[in-house]
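Participant: The following block contains a protein sequence and its predicted model.
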Amino acid sequence: MPIRRKYEGWRLQERHKWEKENRIVLTEISAVSDSEKRLIVSSIRKLLKRFSFPVDVEVEPSDSHLAGSMREILRISSFGGVLDTDSVLAELNVRRKVDASLRAGIVVKVCPSEYKFGDPLAIYGIGEEDGLVLLRTAHDEAVTHELGHMLGISSHCDNPNCVMRYECPSDDFCKDCTAKLRNL
Ligand SMILES: [Zn+2]
Ligand SMILES: [Zn+2]
């Protein structure tokens, strides 16, 4: 099992600020069942453990400061009922400068009927390397795919049996994507 560096963030190159926090926070901004939350947390933990990322996952309730901030960011990034995900990340990064609680990797579960995504490829949500995942579903493949982006796989994979293909046809990574995650 590879030993990752814990002191300067775990990634060897192209570091993002959220990695220095060594934690991922899951929150909900619309009603999410406890079983959905448990599913998401267990998918994230499985992924972190498998690739030895020294990162913890915490759950913040919907009435937390973090959930409130994310709800507001999504509200001001919605135009005509459609969410502009680039604007969500830009606004989050502005607030991170003054609000330390937003500097972790943030995973937000949204209600798919409440939040429409502008990007037609965002079937299950979005994942950004810069520490943001928005999930429309709690399915293991979707969580693994979007977390795969946040942990460092920036582009989609062409392999028809890989979870990093854009429509997540599988729940596992192909050999190439596995190697990418191992070598971050
Ligand atoms: Zn994707
Ligand atoms: Zn792949």
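Facilitator: It's in. This structure is a prediction, so every number in the text was calculated from the model and none was measured. Ligands and ions are numbered 1, 2, ... in the order given.

Participant: going forward, measure contacts and count neighbours with C-alpha atoms only.
Facilitator: Noted.

Participant: Point out where this structure drops to low pLDDT.
Facilitator: Low-confidence segments of the chain (pLDDT under 70): 1-15.

Participant: Write out the residues of it neighbouring ligand 2.
Facilitator: With C-alpha under 5 Å from the ion as the criterion, the chain comes near ligand 2 at residues Cys157, Cys162, Cys174, Cys177.

Participant: list the contacts for the closest residue to Asn22 other than its chain neighbours?
Facilitator: Excluding the flanking residues, the one nearest Asn22 by C-alpha to C-alpha, 6 or more residues apart in numbering is Val55, at 4.6 Å. Contacts were defined as C-alpha atoms under 8 Å, 6 or more residues apart in numbering; by that measure Val55 touches Asn22, Arg23, Ile24, Leu48.

Participant: In helices, which of those residues fall?
Facilitator: Counted as lying in helices by DSSP state H, out of the contacts of Val55, are Leu48.

Participant: Show the buried residues in the contacts of Val55.
Facilitator: Among the contacts of Val55, those that count as buried by neighbour count (16 or more other C-alpha atoms under 10 Å) are Asn22, Arg23, Ile24, Leu48.

Participant: Out of those residues, which is nearest to ligand 2?
Facilitator: Proximity of the buried ones among the contacts of Val55 to ligand 2 (C-alpha to the ion) peaks at Leu48, which lies at 17.2 Å.

Participant: And that closest one, how close does it get to Val163?
Facilitator: 16 Å (C-alpha to C-alpha, to the nearest Å).

Participant: Check Leu26 too.
Facilitator: For Leu26, the distance to Val163 under the criterion C-alpha to C-alpha works out to 21 Å.

Participant: swap in Cys174?
Facilitator: Taking C-alpha to C-alpha, one finds Cys174 at 8 Å from Val163.

Participant: ok, now which ones touch the nearest residue to Trp18 once chain neighbours are set aside?
Facilitator: The shortest distance from Trp18 to any residue other than its chain neighbours is 4.8 Å, reached at Ala104 (C-alpha to C-alpha, 6+ apart). With contacts defined as C-alpha under 8 Å, 6+ apart, Ala104 is in contact with Trp18, Glu19, Glu21, Asn22, Arg23, Ile24, Val25, Gly131.
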